[in-house]
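Peer 1: Here you go, sequence then predicted model.
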Amino acid sequence: MTPLVVVLSLPLLTALSAIAVPASMRVTVALGGVVTTLIAALWLGGVVWHGGPVVLVLGGWQPPIGIVLRADGLAAALIVMSALVIAAVAAAARYEMAPTPAGPRASFGFWPLMLLLWAALNAVFVSRDLFNLYVGLELLSLAAVALVAISGTAQALASAMRYLLFALAGSLLYLAGVVLVYATHGTLDITLLGARVPSPVDALALGLMTAGLLAKTALFPFHVWLPPAHSAAPAPASALLSALVPKGSFLIVMRLWFEAMPDLAAPSALLALAAMGAIAVIWGGALALVQARLKLIVAYSTVAQLGYLFLVFPLAGGDGINQPWAAGAWTGAIFQALSHGLAKAAMFLAAGIYIAAVGSDRLGDLRGLARALPMTSFAFALAAVTLLGLPPSGGFTAKYLLMTSAFASGQWVWAIVLAGGGLLAALYLYRPVAALFTREIRVRPRAIPRAWQAIPLALAALAILLGLLSAMPFDLLQIGRPKPAEDGL
Amino acid sequence: MSAALDLALCALILGVGLASMAGRGVFRAAIFFITYGLLVAIGWARLGAYDVALAEAAIGSGLTGVLLLAAHGRLRRLRAAAESLSRFNLPAAIAGGGVALSFGWAWFALPVPRAPDLTYALPQAGVGNPVTAVLLNFRAWDTLVESIVLLAALIGVWMMARDADWDAPLGLRYHARPSGVLASFGRILPPVGLIFGVYLVWAGAESTGGAFQGGTVLAAVGLVAMMAGIMRPPRVAQGAWRAALVLGPVVFLGSGLAGAALGAGFLTLPEALAKPAILTIEAALTVSIAVTLALLVLGPPDEGGQQA
């Protein structure tokens, strides 16, 4: 229980301290909180691994009066992944968000916003209460929008505004669904809802909540806010926004469909979700192909990579009989969320280093940078391996699991999407990699400290390790796994 | 008689709501929106939800109204307000209409809602007002995070500042004539508002009121005082103000952690300590909510430069 309380409260407490303390102490306080929370997150992972799900009944009040938090294997895996990403982002932000390059406003705002975003993510990952999830989502969205605005350019403010409108519309739709659920069943607890007496209003409630969450997850056709917002933010903020923020709302979609209301998983609804995901894979990949700036390529790649997550629905679904491939699909989708988080954060942090080195992220200006910044460029290439789904990366494990269940269930259409998406990723990531590794140098870069260069490399290596040592995260995800994830929707 | 009143109220709410959307001018829309909020507050009161009514009147209508009017003033200053809102938005209308219709259907399909049974829980909660018991005890985790959401919004607003203005006082400069209405208001209103705000927080333990409602009244007091030139708007660099922003969440979180450290559990209030603990948390939260709301309305630090 202790590590769970630390993981929830320490980022909040550190954020509050970072606001209150004088500027000279801010970074020290923030980094202290980051390191301690990272340790607590790993500790929580260990506790769940050895002892099973950790349950926290807040205030001692059982639902439906109170709120229950539960760290199962899924929550623990996401908490550990987020902690690793945020530790890396914080290390990079020591350079990028220092007052000298970033200015006093951004260097003030970044730390509390990053920590609040972290607290919101952890709260969402473990919450079993639909309204509590709404509160967590609000904190997550507001911190994320503010992180877009932090760079202060007119374009960043416009992108942040658009993001805010989408996020708020999503919140309202989700909240509308929550209201209907509470009015119908008198409880908001996911476990109690799993055992509810079905009502005709449930489908409407689930539809509203899902629509709201899809807007926040930037699934096609709600993706339009994502690329400008993620590319306008400073690189450490982009890493948080792309790698972590969509995973929060995606996790709630998973909890709703697999744990709260698995009985509503009609084949047509599952098909619609996966169809949007498939279009996102193709459309995001196609648009990433035509971008001229590295950050926009990486941001459109996020649109595509998030699409894969939604292929889980028909792959884990079917006609109600026990399906042996369902467990593989569910685990594959979570592996995709984990490996995309690590690899995408590595890519954005690498982009930040290039921008610091040559002052631009146009592909033309990045030519030949692999010579001056070999570690960073190697990190970018490694992260690309994960996004392509090549062995031995975590992305490979994810696509292998999804692909296997696609063939096992005879749904080869989704296998084509998986293969086509990989091919598109190869094409759109070839352009920046090829530019980086040419011989001629366009712009002479500024020197970048080696310790800074090592940060994206560490993240990209973790994404590869996720595939090499996939047995351990695989087993972790099975702890406290919902029944429909085993047997199919 | 009461049915006629309710019908008239419903018609007014719908009419004023439509008027706020259909109008062309930003100013007109804002005024209708404020009226709309007040009417909805009366609606909540008619339903017996007095806490919601107070919150709607204070935050939904009052504070949001000031925000909208301030935004209108800024737009006019920048001459960016072409004074016309964008025209009829078909997709938004279809989406909004669809949600409204489906809610109408759900109203007929829903069973009569049953509130969870609080007969055993409420006597152990430390306060008599079930709304306060839910907010500060049963679902304290929600309220704790909500109070921090407010803070995140303020940091977000501050991120809109121009870098050059970061050290300037928050918000635009207000000029009040020393003998004008605003200046006399600024002297008369604060004492009354202070008492009313503190009363709302104190009363919230047993009857209608609470930290959010009381904090909003106190925020309004501060805003009137600043607009009347009696109080200077703070700067981001002033540590005392930033400490006031985080006081409530820190006390709230601290008491939750104390519960965990003493073995009772995270955010658990032992029955004997529940009442004093809730009053302490509410008092600290009121300070932070009042300061956060007031600074949200003031807006980011602004030297008043004309370039957008």
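Peer 2: Here it is on my side, so go on.

Peer 1: how about the strands of the chain, start to end?
Peer 2: Let's take chain A. Ranges of strands in chain A, per DSSP state E, are A:54-57, A:68-71.

Peer 1: Give me the buried positions along the first one.
Peer 2: Neighbour-count burial for strand A:54-57, with 16 or more other CB atoms under 10 Å in any protein chain shown as criterion, is recorded at A:Val54, A:Leu56, A:Val57. Using the backbone N, CA and C atoms, a C-beta is placed for each residue, glycine as well.

Peer 1: so which of those residues are also by chain B?
Peer 2: A:Leu56, A:Val57 (CB under 8 Å from any CB of the partner chain).

Peer 1: residues contacting the nearest residue to B:Phe103 once chain neighbours are set aside?
Peer 2: Setting aside the residues directly before and after it, B:Phe103 is nearest to A:Ala176 in space (CB to CB, 6 or more residues apart in numbering or on different chains), at 7.2 Å. By CB atoms under 8 Å, 6 or more residues apart in numbering or on different chains, A:Ala176 lies in contact with A:Leu208, A:Gly212, B:Val99, B:Phe103.

Peer 1: what mean pLDDT does stretch A:403-415 have?
Peer 2: Averaging pLDDT along stretch A:403-415 gives 90.

Peer 1: Could you list the buried residues of that stretch?
Peer 2: Neighbour-count burial for stretch A:403-415, counted by 16+ other CB under 10 Å, picks out A:Met403, A:Thr404, A:Ser405, A:Ala406, A:Ser409, A:Gln411, A:Trp414, A:Ala415.

Peer 1: can you name the farthest residue from the center of chain B?
Peer 2: What lies farthest from the middle of chain B is B:Gly263; by CA atoms, centre = their mean that is 34.8 Å.

Peer 1: So B:Gly128 lies in a helix, does it not?
Peer 2: No. Applying DSSP: H, G, I helix; E, B strand; the rest coil, one finds B:Gly128 to be coil, outside a helix.

Peer 1: Okay, the closest residue to it other than its chain neighbours and B:Asp167: tell me how far apart.
Peer 2: Once flanking residues are discounted, B:Gly128 sits nearest to B:Glu206: 4.3 Å by CB to CB, 6+ apart. According to CB to CB, to the nearest Å, B:Glu206 and B:Asp167 sit 45 Å apart.

Peer 1: Let me see the confidence value for the residue farthest from the centre of chain B.
Peer 2: In this model, B:Gly263 carries a pLDDT of 87.

Peer 1: does it count as helix, strand or coil?
Peer 2: coil.

Peer 1: ok, it to B:Val250 distance?
Peer 2: When B:Gly263 is compared with B:Val250 (using CB to CB), they lie 22 Å apart.

Peer 1: List just the nearest of the buried residues of strand A:54-57 to chain B.
Peer 2: A:Leu56 (6.4 Å; CB to the nearest CB).

Peer 1: so how far is B:Val26 from B:Pro300?
Peer 2: 20 Å.

Peer 1: Leaving out chain neighbours, which residue sits closest to the residue of the stretch 1-150 of chain A found nearest chain B?
Peer 2: Nearest to chain B in the stretch 1-150 of chain A, going by CB to the nearest CB, is A:Ala146, at a distance of 3.3 Å. Among residues not flanking A:Ala146 along the chain, B:Gly156 sits closest, at 3.3 Å (CB to CB, 6+ apart).

Peer 1: Count the neighbours of the one you found for me.
Peer 2: 24 (other CB atoms under 10 Å in any protein chain shown).

Peer 1: isn't it right next to A:Ser141, touching?
Peer 2: No. Using CB atoms under 8 Å, B:Gly156 is not in contact with A:Ser141; the gap is 10.2 Å.

Peer 1: From the chain's centroid, how far away is stretch B:53-69?
Peer 2: Computed by CA atoms, centre = their mean, to the nearest Å, the chain-centroid distance of stretch B:53-69 equals 7 Å.

Peer 1: can I get the CA coordinates of that stretch in CSV?
Peer 2: C-alpha atoms of stretch B:53-69 as CSV (Å, rounded to 0.1, in the frame of the first residue of the first chain):
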residue,chain,number,x,y,z
ALA,B,53,-27.6,26.4,-6.5
LEU,B,54,-25.1,28.4,-4.5
ALA,B,55,-22.1,27.1,-6.5
GLU,B,56,-23.9,27.7,-9.8
ALA,B,57,-24.8,31.3,-8.8
ALA,B,58,-21.3,32.0,-7.5
ILE,B,59,-19.1,30.3,-10.0
GLY,B,60,-21.3,29.5,-13.0
SER,B,61,-22.9,32.9,-13.2
GLY,B,62,-20.9,35.3,-11.1
LEU,B,63,-17.2,34.4,-11.6
THR,B,64,-17.6,33.1,-15.2
GLY,B,65,-19.6,36.3,-16.0
VAL,B,66,-16.7,38.5,-14.8
LEU,B,67,-14.3,36.3,-16.8
LEU,B,68,-16.4,36.7,-20.0
LEU,B,69,-16.8,40.5,-19.5
